[in-house]
Structures are given as C-alpha cells and as structure tokens.
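**Student:** Sequence and predicted model, in that order:
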Amino acid sequence: MRGGIAVVTSGFPRRSETFLLNELLALDARGALAAVFATKPGDGGSLHPGCGRLLRRVEVLPGGSPSAQAASLLERLGARRVAGVHGYFAHRPAAVAAHAAQRLGVPFGFSVHARDARKVAPPVLAARARRAACVIACNRHVAAELARVGAPSRLLPHGVDTHRFRPRPEPRGVPLRLLAVGRLVEKKGFETLIEAAARLTIPFQLRIVGEGPRRARLARAIAAAGLAERVMLAGPSTHADLPTEYARAHVVVVPSVPDRIGDRDGLPNVVLEALASGRVVVASDVGDVASAVLPGRTGILVPPGDAQVLAGALDLVGAFDRDLLADVAGKLVAGANQGRLSAGQGEQDNGTSRPGDQAMEESTEGHRCPSAGVRGFHLASASQYSPGVTEGSGGVV
C-alpha cells in the first residue's frame, strides 16, 4: 500500500473517546497513519496516556462546510501521499473524508459508532455507505441500524488493551465496592443507579468516575437519598488511573438508558475494560451490551431504567462469596488473553451474525491491528484503501 491513511475525526482529543485514541495509536505503530485531521478542537481535558504522541500530528481544520474543510485538508496535506481517507464518524468527518478522497482520487471509508449515525439522514447515510470502500460498524446494534437503512457495513468491534487492563486481586475486608465509569450525561443512567443504591440492603460503597453536565443534578440526588457517606462523584479519570479504580472495586455497574432524544450506548468501553480487569459487570440490556455481558457467565443484565431490579441484582451479587466472585471474574479473562474480549466477535459483514467463539486474533488478516495487547482494532482495515481492491470508492455524498 502506497502511503498511509489520512483519518478525519471530530473534536480531538476527547477524554471519552479512548477507542479513537487507541486505534490511532495502533495505526501509528503499524506505520499506516499518514495524517490526522479534526473538524473541531477537542474538549481540553486531561490527556490519556499516549495522547501526547499524536497531538503534534493532529491538524484542526478551520470551520466551514464539509467541502471547504476538505479543501483545507488537501492544502495541509501538501505533497504527502495517502492511500485513502477515513472518516472516524458517520456525520461531518465522513462527509469531509468523502470530499477529500474524491479530489485526491483515492478511496474513502468511515466508521459508525452510535449517535453519529442518527445525525445523518438515512438516505444520505445509505448513499454514502454504498460509495465507500469500507464502512465499519463497531457493534452489532449499530450494524443492524445501518442494515435497516440499506447501508452495507462490516462489523469489527472495538478492543481493549489487556496489558493496561488486567486482573488484579480484589479488595478484602471491606463492604461491597461498586464502580461506575462514564460521562455524566443522561444516557449513562446514573440517576437510576443512585435510586437503586438507596434501595440496597447490604453495606456498600459506590464511586462514579466521570465528568459532565449532570454533575450538579447527580449531587442533589445523592444528598436527597441520604447517600453522601456512601456514594462519591469521583470526578474525571484517564487510562493512567482507571486500572486502579477497577482494582479497588468488586463489581462494575453500567446502568445505561436511552435518553430523551433516543441516544443510547452501543457497547461501552467500560464493559470490556471491566471484564479485562477481572470484574463482574451488572449492566442494562441496551444496545449491544448483551454481546459481552452474558448472564451467569460474565455478569448480570437488567432492564434499563429499572432501579428496583438493578438494586435486586446488586443485592444478589453482594451476597456472593468474595472468593467465588474473584474466581468467576478471573475466568472471564481467560478468553481475553487469547484476544476474545470483544464479545468473541471477529470480522463479520452487515452485523447479522451472533457472536462466535473464535478469537479476535483469528479474524481475517488485514482487518485488525497486530498491536501487542490490543484486540480488535478496526481502523487497521488498511487493505481496503488499496486502489482496485474494492469497488465504490468514488463519488461524494
């Protein structure tokens, strides 16, 4: 493949988008990353490990239409050769990538995650997908959404760094320690978690790690429930600190809900990180969470938004013998060390297949990044950007 891939993302860096950071680092380690362009600045928060390596290479495009931003991309690219342009999200980044690729005469592709797909009119999304060299869906739920609007896709789940996130001994001699990680926004369901915590019949401590616009609202809910001594809003954290957070917990809770505008999680990275860390997960059955949280095997699934059922599940887990919990959690990771943490999913077309048992390492060669300890990174579909390999690489939608 001549040249690498130019990646167009949205704001960069963003603390919540560790999946993007990890995939860019994996591409860079492979020598396949030609350039990184952001359609707007990042959030200005603390940086995850490895982010500094990329910051000097990220170029923020000036505002304007997708066509205008594509023109700026070409100007900044200069004489650098690329084999293709990949938009990391289905909305603005994909549109900019399509325009830029057409002017460069190279293929384009884009990734789809969750809400980004719903920011594009279905006919536009379908037409864009048909013209792309590859369309990557990161979980079955979003792949099914794409299929419903006639947009072909390839299912390649996110991975997790099993060197950073690995099993550690559970805390002993303390009440049940619960951990929740995520942005403090409606779809993360932390209000439901606080309501469930108020119903628990066992001693517990809960840490909610993250930042966001609902912090004040959550603080009021904690105070109103009389939980100030047992529930802590711990603030934001990076991947430098999160392994310690998982190590201090017995159970990781992922109480996601659909929000008022229909946004919802697909398969949150916290699920994979928790399993890699050897922790049992209690999670809402939303999006594609059920592909990783297997009842009785890797955790417990509950209906989204049901505080009573969530409390019952946490009471049940709290009644388990601690040694049994540690044993169950340890077995969860046996497959992870063989590359199975992305719900056992290899590369699949259209997202119609159920998760298989094959390891991610057995996925089709050329569609994963062989970065040590990193499983299932889908931007390594570098072969899709070799001219002549695929059809439908021209045109702009």
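**Tutor:** Okay, I see it. As the structure is a computational prediction, the values presented were derived from the model and not from experiment.
**Student:** so Val181 makes contact with Gly210?
**Tutor:** Yes. Contact status for Val181 versus Gly210: in contact at 6.1 Å, counting by CB atoms under 8 Å. The way it works is simple: take the backbone N, C-alpha and C, and place the C-beta from them, glycine included.
**Student:** Overlap of the contact sets of those two?
**Tutor:** Listed as contacting both Val181 and Gly210 by CB atoms under 8 Å, 6 or more residues apart in numbering are Ser237.
**Student:** And for Glu273, nearest residue in space, chain neighbours not counted?
**Tutor:** The shortest distance from Glu273 to any non-neighbouring residue, by CB to CB, 6 or more residues apart in numbering, is to Phe165 (4.8 Å).
**Student:** Check for me that the one you found belongs to a helix.
**Tutor:** No. Counting by DSSP: H, G, I helix; E, B strand; the rest coil, one finds Phe165 to be coil, located in no helix.
**Student:** That one: how many residues sit nearby?
**Tutor:** 26 (other CB atoms under 10 Å).
**Student:** was I right about it contacting Thr244?
**Tutor:** No. Checked against CB under 8 Å, the pair Phe165 and Thr244 is beyond contact range at 11.0 Å.
**Student:** For Gly262, which residues are in contact?
**Tutor:** Arg118.
**Student:** Which of the helices or strands spans it?
**Tutor:** Assessed by DSSP states H and E, Gly262 sits outside every helix and strand.
**Student:** Looking at it now. What's its pLDDT?
**Tutor:** We have a pLDDT of 80 for Gly262.
**Student:** Let me see the backbone angles for it.
**Tutor:** phi 90, psi 0 (degrees, to the nearest 10).
**Student:** would you list every one of the strands in the stretch 151-300 of the chain?
**Tutor:** 154-155, 176-181, 204-209, 231-235, 251-254, 280-284, 299-302 (DSSP state E, counting those that start in this stretch).
**Student:** Any chance of a markdown table for those strands, columns mean neighbour count, distance to Pro66 and mean pLDDT?
**Tutor:** Below are these laid out as a markdown table (neighbours: other CB atoms under 10 Å; distance: least, CB to CB, whole Å; pLDDT from 0 to 100):
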| stretch | mean neighbour count | distance to Pro66 | mean pLDDT |
| --- | --- | --- | --- |
| strand 154-155 | 24 | 23 | 91 |
| strand 176-181 | 23 | 33 | 96 |
| strand 204-209 | 21 | 35 | 97 |
| strand 231-235 | 17 | 36 | 97 |
| strand 251-254 | 28 | 34 | 97 |
| strand 280-284 | 26 | 35 | 94 |
| strand 299-302 | 24 | 39 | 92 |
